[in-house]
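>>> Fold the following for me, if possible:
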Amino acid sequence: MQVDLPNGYALRSAPERGFGINYAIYRNVNPEFEDFLEYGSDLEGLHYCFWIFKHDVRIGGVIVRPNHIEGFFLRPPHANASEVLEAIMAVVTAWSDRDKPIEAVDVVLPELSLYERLGFRIDRGRRVYVRPTEASEIRWPREYQATPPTREDVSQVADLFHRSFRDYPEEWQLGSYGLQEWIERTEKRLIPDDMPEECRQASTLVRDKARNLVVGACLIALRRSTTRPENPYAGISMIGVRPECRRQGLATMMVQKALTVLHEQRPTLKFGVAVGNLAEAFYHSLGFLAGPAHYVLLMPPRRGAGRDDEQP
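Numbering: from 1, shown residues only. Coordinates of the predicted model:
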């Protein structure tokens, strides 16, 4: 498939693996801390990869579909990113539902101005933190008991997270969940029936003995990379402490326990954090390395206009 663009540019369908290798090398960003080449080398099933051509010379690539753009890169010596991106947006706009925003995904800091000049605005940002696992000695305060989670704890854990995150800024999704949403999320994703035993043992519920109340939780999950599904990595799926029990070191000890339990089985522990979240300083203090910030940007809907029927 070929799509002609303004100023002599064109998009041509790209084979997913070949595109992915070029993507990994020429974008040179790795927000998830995966192997440099493997990060982009397997995009099987992603049918919207395109080479960018200028007068029949391949100069880069991009992933586009209706209301969506990501992964834009140019190959040296080509450097006119602003003109190329503007040409690409002409076809993205034509393909898109005009009643919905257009999203630009995984935009890194040096690229922000390119998209903002086209009318995009930052919706949210995220970065991944990572550090090696290692064993350490943990001494819990006497008034607390630390145990792995069970299904019987779902309601108390959901209530904990509801209280922990309800003071989050409105633009961060966790702050908008009601208690019932937290219960459903905890049952399905945070403490599921098929929770691997190594995750259960690395996870921690901190219980106030006097009140028999869960006051802290750190839940661990195994994540499967699209490039290396046979070698999952360990990640913190959620962590929280009741507001009245903060500043006692409970979050630090829960993370240290996860690092200790996972040490023999998993080389690293990761966690994704919203850019600007105060938790960034917490993870930095525990020796986690911050990955590059990557953003989702939105271009507002153009309601009232028509829609082009030609789509990829």
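
>>> isn't residue 208 right up against residue 146?
No: applying C-beta atoms under 8 Å as the test, residue 208 and residue 146 come out as separate, 11.4 Å apart. Glycine gets a C-beta too; all of them are placed from N, C-alpha and C.

>>> any common contacting residues for those two?
Contact with both residue 208 and residue 146 is made by no residue, according to C-beta atoms under 8 Å, 6 or more residues apart in numbering.

>>> and the nearest residue to residue 191 once chain neighbours are set aside, what does it touch?
If you skip the residues right next to it in sequence, residue 191 has residue 149 as its closest partner in space, 5.1 Å away by C-beta to C-beta, 6 or more residues apart in numbering. Residues in contact with residue 149 (C-beta under 8 Å, 6+ apart) are 157, 191, 195, 200, 203, 204, 205, 217, 219.

>>> ok, now how distant is residue 287 from residue 84?
Distance of residue 287 to residue 84, given as C-beta to C-beta, to the nearest Å: 40 Å.

>>> Give me the more crowded residue out of these two.
Neighbours around residue 287 and residue 84, counted as other C-beta atoms under 10 Å, are more numerous at residue 84. The numbers are 22 against 12.

>>> mind pulling up the phi and psi values for residue 50?
Listed backbone geometry of residue 50 is phi -130, psi 140, with angles given as degrees, to the nearest 10.

>>> need the contacts of residue 149 in CSV with pLDDT and secondary structure, can you?
Supplementary listing: the contacts of residue 149 in CSV, determined by pLDDT from 0 to 100; DSSP: H, G, I helix; E, B strand; the rest coil:
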residue, pLDDT, secondary structure
157, 96, helix
191, 93, coil
195, 92, coil
200, 96, helix
203, 97, coil
204, 97, strand
205, 98, strand
217, 97, strand
219, 97, strand
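
>>> Kindly reformat those as TSV and extend each row with distance to residue 78.
Formatted as TSV, the entries for those read as follows, by distance: C-beta to C-beta, whole Å:
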residue	distance to residue 78
157	51
191	50
195	48
200	51
203	48
204	51
205	54
217	50
219	46
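
>>> any idea which of these is closest to residue 120?
When those are compared for distance to residue 120 (C-beta to C-beta), residue 219 wins out at 34.0 Å.

>>> Okay, buried residues for stretch 155-163 please.
Along stretch 155-163, the positions that meet the burial threshold by neighbour count (16 or more other C-beta atoms under 10 Å) are 156, 157, 158, 159, 160, 161, 162, 163.

>>> Contact partners for the residue lying closest to residue 70 once chain neighbours are set aside?
Spatial nearest neighbour of residue 70, chain neighbours left out: residue 105 (4.0 Å); criterion: C-beta to C-beta, 6+ apart. Each residue near residue 105 by C-beta under 8 Å, 6+ apart is listed here: 68, 69, 70, 296.

>>> again, only this time at 10 Å
Contacts for residue 105 (C-beta atoms under 10 Å, 6 or more residues apart in numbering) come out as 63, 68, 69, 70, 71, 123, 294, 295, 296, 297.

>>> and if you look at residue 2?
Residue 2 is in contact with 10, 11, 12, 13, 50, 51, 53, counting by C-beta under 10 Å, 6+ apart.

>>> Surely residue 133 touches residue 266?
Yes: at 5.8 Å, residue 133 counts as touching residue 266 under the criterion of C-beta atoms under 10 Å.

>>> So between these two, which is more surrounded?
Set side by side, residue 133 and residue 266 give different neighbour counts by other C-beta under 10 Å, the larger being at residue 266 (22 against 18).
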